[in-house]
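Chemist: Here you go, sequence then predicted model.
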Amino acid sequence: MKDQVKELLYQMLETELGGVQVYTTALECVVNDELREEWTKYLEQTRRHVDVMRELLAKLGLDAELQTPGRQVVHHIGESLVQAMQLAQNSGGPPEAAELVACECVVFAETKDHMNWELLSKYSRKSGDRDAPV
Ligand SMILES: [Fe+2]
């Protein structure tokens with residue numbers, strides 16, 4: 001398997017791990033009940049995605065703990081999103097403002113997540129069955 005594909009898989013795991021942190025923090029900022037319900041659902045889904053990625057890496061004989069430069073960047077961005085929400089939460093402003101910041105952070109996190117899966121499925125379609133991880 002190409003190194004770039006391995007890199008993508010590691011970034012995918014890291015994105016899901018960051019996603020769990022993002023949703024957990026976002027749920028501390030939430031005011032609206034429907035949004036709380038929605039994010040609780042997505043937190044569970046993201047936890048399942050972490051398991052899916054760990055299983056996929058194991059199936060391919062890849063060490064899920066291995067750090068790559070790209071993975072560290074993804075990790076840093078995830079942490080920054082969490083910090084941004086905490087900053088908004090502790091700013092002394094109205095809770096709705098922190099909720100809005102949380103909405104933005106969730107969008108950032110999910111955008112990367114969707115791009116990862118999109119890229120992996122494009123790669124799988126193009127490369128045929130032999131080299132495709134999924
Ligand atoms: Fe996900």
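Modeler: Looks like it arrived, so ask away. Residues are numbered from 1 along each chain as shown.
Chemist: how about the residues of the protein near the ion?
Modeler: Contact residues (C-beta under 5 Å from the ion) of the chain with the ion: 46, 49, 113. The way it works is simple: take the backbone N, C-alpha and C, and place the C-beta from them, glycine included.
Chemist: So which of the residues you listed wins on neighbours?
Modeler: Ranked by neighbour count (other C-beta atoms under 10 Å), these have residue 46 at the top, with 23 neighbours.
Chemist: list the buried ones in the helix or strand harbouring it?
Modeler: For residue 46, the element it lies in under DSSP states H and E is helix 33-59. For helix 33-59, a neighbour-count test (16 or more other C-beta atoms under 10 Å) marks 35, 39, 42-43, 46-47, 49-50, 53, 56-57 as buried.
Chemist: Redo these as a markdown table? Include distance to residue 85 and pLDDT.
Modeler: Below are the buried residues of helix 33-59 laid out as a markdown table (distance: C-beta to C-beta, whole Å; pLDDT from 0 to 100):
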| residue | distance to residue 85 | pLDDT |
| --- | --- | --- |
| 35 | 14 | 98 |
| 39 | 12 | 98 |
| 42 | 15 | 98 |
| 43 | 14 | 98 |
| 46 | 16 | 98 |
| 47 | 19 | 98 |
| 49 | 20 | 97 |
| 50 | 20 | 98 |
| 53 | 23 | 97 |
| 56 | 29 | 96 |
| 57 | 28 | 97 |
